[in-house]
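# How does the following fold in three dimensions:
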Amino acid sequence: MPRQNGFALHMSVSPEHVREMRARVFKTVASFGASEAVADDARLVASELVANVVRLCGPWAPVVVLVAVADEQVLVQVHDPAPSVMPGRETAPPDNARSETGRGLWILDVLAPGWTVDPTPVGKRITCTLPREALAAV
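A predicted model of the protein is given here:
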């Protein structure tokens, strides 16, 4: 569903839908004048959040991906149906060769510091706010 400054996408998680979602995130963020680096960061954040849904809820889980572009920031939200399963950090650092999961949260910390998780009536919502230009130069 298009919105004035982005979109809300209701989907079941599948490889094809994830590819389409990634393309839409990049195209939408770039179409509002953000740099390709910021559009790529938004795509990566959305991908990591949806990958967590697959890991926690399984394939074909229903999700809503919302992207909104403002003057100073890009908002990426993912709603999933698992209210009791909250993101958890591995104790190992992200460069630990034996860790199989947990790197996505480190990515969120770098690209969208201060990301939040909120319960909703139908699950939970993870909200990430990316600076519109600041990280493109990093």
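# can I assume residue 127 is in contact with residue 75?
Yes - the pair formed by residue 127 and residue 75 meets the contact definition of C-beta atoms under 8 Å, at 6.9 Å. From N, CA and C alone the C-beta is placed, and that goes for glycine too.
# show me where pLDDT drops low in this protein?
The chain contains residues with pLDDT under 70 at 86-103, 134-138.
# Would you point out which residue is most central in it?
residue 46 (2.4 Å; C-alpha atoms, centre = their mean).
# which residues does that one contact?
Contact analysis of residue 46 by C-beta atoms under 8 Å, 6 or more residues apart in numbering lists 21-22, 25, 65, 67, 76, 78.
# How about it: what's its closest non-neighbour residue?
Nearest non-adjacent residue to residue 46, counting by C-beta to C-beta, 6 or more residues apart in numbering: residue 25, 4.8 Å away.
# which secondary structure element contains that neighbour?
helix 15-31 (DSSP states H and E).
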